[in-house]
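Q: For reference, the sequence and a predicted model appear below.
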Amino acid sequence: MKAIWNATVIAESDDTIVVEGNHYFPAASLDRRYVVDSDTQSVCPWKGVASYYSLDVDGRRNEDAVWYYPEPKPGAEQVAGRVAFWRGVEIVAADNDEA
């Protein structure tokens with residue numbers, strides 16, 4: 001799978017898991033050249049406190065487009081060490097060249 005934003009591959013992995021309809025990629029697959037730390041946090045009742053990254057690609061910023069759970073609650077361990085995307089980031093099969 002690939003996560004693409006602004007015509008740029010942000011993450012790519014054949015090891016994603018799907019939780020609540022979202023592909024969670026290994027954090028190591030995230031291309032850190034495009035990642036900007038964010039202070040934003042939110043709370044999921046069953047996964048815990050989520051933290052965010054923004055994306056910066058070719059001078060365009062996508063605020064809080066990446067989220068992750070630094071310390072997921074018991075029962076949500078499958079998302080530990082993984083990131084997911086929203087806010088216009090496309091998730092496509094790695095062999096799909098339409099991005």
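A: Structure's in. What do you need? Numbers count the residues shown, from 1 in each chain.
Q: I'd like to know how many residues surround the nearest residue to D56 once chain neighbours are set aside.
A: Closest residue to D56 apart from its sequence neighbours, by C-beta to C-beta, 6 or more residues apart in numbering: V36 at 5.1 Å. Every residue, glycine included, has its C-beta placed from N, CA and C. Neighbour count of V36, defined by other C-beta atoms under 10 Å: 16.
Q: what pairs with V36 across the strands?
A: S54 (DSSP bridges).
Q: quick one: it from K2, how far?
A: According to C-beta to C-beta, to the nearest Å, V36 and K2 sit 20 Å apart.
Q: Tell me the strands beside the helix or strand where V83 lies, with direction?
A: Element membership for V83 (DSSP states H and E) is strand 82-85. Looking at strand 82-85 with DSSP bridges, its partner strands are strand 22-26 (antiparallel), strand 60-68 (antiparallel).
Q: In JSON lines, list the ones you listed along with distance to G88, mean pLDDT and mean neighbour count.
A: What follows is these, written out as JSON lines (distance: least, C-beta to C-beta, whole Å; pLDDT from 0 to 100; neighbours: other C-beta atoms under 10 Å):
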{"stretch": "strand 22-26", "distance to G88": "14", "mean pLDDT": "98", "mean neighbour count": "20"}
{"stretch": "strand 60-68", "distance to G88": "7", "mean pLDDT": "98", "mean neighbour count": "19"}
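Q: Which of those sits closest to R87?
A: Closest to R87 of those is strand 60-68 (C-beta to C-beta; 4.3 Å).
Q: Give me the spatial nearest neighbour of the residue nearest the centre of the chain, chain neighbours excluded.
A: Closest to where the C-alpha atoms of the chain average out (C-alpha atoms, centre = their mean) is A84, at 2.7 Å. Closest residue to A84 apart from its sequence neighbours, by C-beta to C-beta, 6+ apart: N22 at 4.4 Å.
Q: what separates that neighbour from G59, distance-wise?
A: The gap separating N22 from G59 is 27 Å, by C-beta to C-beta.
Q: Most distant residue from the centre of the chain?
A: P74 (20.7 Å).
Q: ok, P45 - contacts?
A: Listed by C-beta atoms under 8 Å, 6 or more residues apart in numbering, the contact set of P45 is empty.
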